[in-house]
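Model the following, please.
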Amino acid sequence: MSLWECECPPAASAVKRFRIPILLSAFLTLLNDRLSESIVFPLLPFLLAQFTPNGRTLGLLAGSYALAQFLVTPLIGTLSDRHGRRPVIAICVCGSIVGLGLFATTVSLPWQQAAGLPLLLLFTARIIDGISGGTAATAGAVLADISPPEGRARAFGLIGVAFGLGFILGPGLGGWLATFNIALPVWVATGFAVVNLLVVVTMLPETHPPEARLTSLKQRALNPFTRIGSLMSGNSIGRLSGGFFLFFLAFNGFTAILVLYFKQRFDWGPDLATTAFLIVGLVATLVQGVLIGPLVKRFGEWRLTLVGLGLVIVGCLLIPAIGTANRITSVYLAVGMLAFGTGLVTPSLRSLVSRRLGDNGQGAALGSLQSLQSLGSFLGPPLAGLSYDVVGPASPFAGAAFLLIIVIALVAGSSTRV
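Residues are numbered from 1 along each chain as shown. Down below sits the predicted model:
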């Protein structure tokens, strides 16, 4: 068998000779999904500076992407099951190009006392990009299509690699490019999306054959709130699922205003602020890619979840306590602690929920967990931004710590000591 061939299911015989192009297309799609977010997110306070300085607008803009993704991702996944992976991925990447291109154009134009219109365009751009963010799930389906069941874990490793690389490259590249022009990172992200589209159009064959496709769309399956309700109503996993939601509500809340806090409290520029997120990417990738396996074997998911939550609480309380002396080192230490804790919590808590499920409920329930994560990612930033403006700059960190204490109580009370 040549390097270009793969052991695909019989129904996927049309793509047997295109394993490397398929893997490349899926990898670039996954990388583009993370890169388009990670290259823009740390720069939002600087990109918004000419229009508005307040935390509420920043939080709403950050949350609008997650809201659009939360509402549309179930539909995109179902459409790929019915019409095939290739057209859905191509359309989503086109949407990413439009969203990023509109955002880049808006922040590049010399607006004169017209804050309302550019802000409307920026929100429109982020919503379009969020609607197009279902590419990750569809790219994962492509990997499942071309892999036998026993080989899917290895194929899905591409997802972790792409996401980790995106979180490392995005802030690092964005911070460096912003030293030349603040809008340049968004233009580069747009260009990468164009490359992604060209690769998908020219190299990706259809991996989901017509005979395996859905014949109709079930409206109930497209409602993310229905899926969440089913998960939360289960006695065995309701507490853990509630903790999962509150964790992402808290974490995405204070991280949304983190760069604004650095900018206004320490007078940091894009380079220092994005370096903090680069550290987050490096530490999280190390923990989830290398350390989590041995640590789970040694301590178990239950203990790791509690330890990780403790580290996140300490990190988010440490940041507002940092003074002017040695602040760069202290901030980077704090965000490294946050990243280490998050790297422990996310896979461990997800695994705890998975262990409580029967074999027949894995797919639907874990998909609902992703919806809970997206919902928390939407609600957290606007609430943190409102708290930042009304209560004070340190309040989102204290609020997050309080919510995380509740998460500890929920996890500890689940009595899932594995």
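
The helix or strand harbouring residue 144 packs against which elements?
Secondary structure from DSSP states H and E places residue 144 in helix 135-145. Here helix 135-145 touches helix 19-38, helix 55-83, helix 85-108, helix 152-178, going by 3 or more C-beta pairs under 8 Å, 6 or more residues apart in numbering; DSSP states H and E. For every residue, glycine as well, the C-beta is placed using N, CA and C.

how about the third one as PDB, C-alpha atoms only?
These are the backbone C-alpha positions of helix 85-108, laid out as PDB (Å, rounded to 0.1, in the frame of the first residue of the first chain):
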ATOM      1  CA  ARG A  85     -18.600  17.000   4.000                       C
ATOM      2  CA  ARG A  86     -16.800  18.700   1.100                       C
ATOM      3  CA  PRO A  87     -19.500  21.300   0.200                       C
ATOM      4  CA  VAL A  88     -20.200  22.100   3.800                       C
ATOM      5  CA  ILE A  89     -16.600  22.700   4.600                       C
ATOM      6  CA  ALA A  90     -16.100  24.800   1.500                       C
ATOM      7  CA  ILE A  91     -19.100  27.000   2.300                       C
ATOM      8  CA  CYS A  92     -18.000  27.400   5.900                       C
ATOM      9  CA  VAL A  93     -14.400  28.400   4.900                       C
ATOM     10  CA  CYS A  94     -15.900  30.900   2.500                       C
ATOM     11  CA  GLY A  95     -17.900  32.300   5.400                       C
ATOM     12  CA  SER A  96     -14.700  32.600   7.400                       C
ATOM     13  CA  ILE A  97     -13.100  34.500   4.600                       C
ATOM     14  CA  VAL A  98     -16.000  36.900   4.400                       C
ATOM     15  CA  GLY A  99     -16.100  37.400   8.200                       C
ATOM     16  CA  LEU A 100     -12.400  37.900   8.600                       C
ATOM     17  CA  GLY A 101     -12.200  40.100   5.500                       C
ATOM     18  CA  LEU A 102     -15.000  42.400   6.700                       C
ATOM     19  CA  PHE A 103     -13.400  42.700  10.100                       C
ATOM     20  CA  ALA A 104     -10.000  43.500   8.600                       C
ATOM     21  CA  THR A 105     -11.500  46.000   6.200                       C
ATOM     22  CA  THR A 106     -13.400  47.700   9.000                       C
ATOM     23  CA  VAL A 107     -10.400  48.200  11.400                       C
ATOM     24  CA  SER A 108      -8.200  49.400   8.500                       C
END
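
Now do that helix: which elements does it pack against?
Counting by 3+ C-beta pairs under 8 Å, 6+ apart, helix 85-108 packs on helix 19-38, helix 55-83, helix 116-131, helix 135-145, helix 184-203.

Give the buried residues for it.
Neighbour-count burial for helix 85-108, with 16 or more other C-beta atoms under 10 Å as criterion, is recorded at 85-86, 88-107.

Flag the shaky bits of this structure, pLDDT-wise.
Scanning the chain for pLDDT under 70 picks out 1-18, 113-115, 134, 147-158, 160, 211-224, 226-236, 324-326, 354-370, 414-418.

coming back round to it: off-centre distance for the helix holding residue 144?
16 Å (C-alpha atoms, centre = their mean, to the nearest Å).

cool, stretch 121-132 as well?
Here the centre of stretch 121-132 is set off from its chain's centre by 15 Å, with C-alpha atoms, centre = their mean.

ok, residues contacting it?
Outside stretch 121-132, the residues within contact range by C-beta atoms under 8 Å, 6 or more residues apart in numbering are 36, 48, 51, 60-61, 64-69, 72, 91-96, 98-100, 102-103, 106-107.

out of the helices and strands packed on helix 85-108, which comes closest to residue 341?
With distances scored as C-beta to C-beta, the stretch of those nearest to residue 341 is helix 19-38 (19.0 Å).

Counting by contacts, list what the closest one packs against.
helix 85-108, helix 135-145, helix 152-178, helix 184-203.

domains of the protein?
Following automatic domain parsing, one finds the domains of the chain at 16-210, 233-418.

Including distance to residue 225, could those domains go into JSON lines?
Converted to JSON lines, the domains of the chain look like this (distance: least, C-beta to C-beta, whole Å):
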{"stretch": "domain 16-210", "distance to residue 225": "10"}
{"stretch": "domain 233-418", "distance to residue 225": "8"}
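
Now residue 318. Nearest residue, chain neighbours left out?
What sits nearest to residue 318 in space, not counting adjacent residues and going by C-beta to C-beta, 6 or more residues apart in numbering, is residue 334, at 4.3 Å.

Now the helix or strand hosting that neighbour: buried residues?
Using DSSP H and E, residue 334 sits within helix 327-355. By neighbour count on 16+ other C-beta under 10 Å, the buried set for helix 327-355 is 327, 331-354.

ditto for stretch 309-323
Neighbour counts over stretch 309-323 (16+ other C-beta under 10 Å) mark 309-313, 315-320, 322 as buried.

Mind checking which of these are in helices?
Using DSSP state H, the members of the buried residues of stretch 309-323 that fall in helices are 309-313, 315-320.

which one of the helices and strands packed on helix 85-108 lies closest to residue 244?
From the helices and strands packed on helix 85-108, taking C-beta to C-beta, the stretch that ends up closest is helix 55-83, at 14.4 Å.

quick one: the closest one to helix 135-145, angle?
Angle of helix 55-83 versus helix 135-145, following axes from the mean of the first three to the mean of the last three C-alpha atoms, to 10 degrees, is 30 degrees.

What secondary structure category should be reported for residue 205?
Secondary structure assignment for residue 205 (DSSP: H, G, I helix; E, B strand; the rest coil): coil.

okay, now it: neighbour count?
Per other C-beta atoms under 10 Å, the neighbour tally for residue 205 reads 17.

Over to residue 125?
Neighbourhood size, residue 125 [other C-beta under 10 Å]: 25.

about what we covered before: could I get the helices and strands packed on helix 19-38 in CSV, plus columns for distance to residue 390?
Formatted as CSV, the helices and strands packed on helix 19-38 follow (distance: least, C-beta to C-beta, whole Å):
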stretch, distance to residue 390
helix 85-108, 27
helix 135-145, 35
helix 152-178, 29
helix 184-203, 30
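
before we move on, the earlier item: using CSV, write down the CA coordinates of the helix holding residue 144.
In CSV, the C-alpha atoms belonging to helix 135-145 read as follows (Å, rounded to 0.1, in the frame of the first residue of the first chain):
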residue,chain,number,x,y,z
THR,A,135,-15.8,23.5,10.3
ALA,A,136,-14.1,21.8,13.2
ALA,A,137,-16.9,19.3,13.7
THR,A,138,-17.2,18.6,10.0
ALA,A,139,-13.4,18.1,9.6
GLY,A,140,-13.6,15.7,12.5
ALA,A,141,-16.3,13.8,10.6
VAL,A,142,-14.0,13.6,7.6
LEU,A,143,-11.4,11.9,9.8
ALA,A,144,-14.0,9.4,11.0
ASP,A,145,-15.1,8.7,7.5
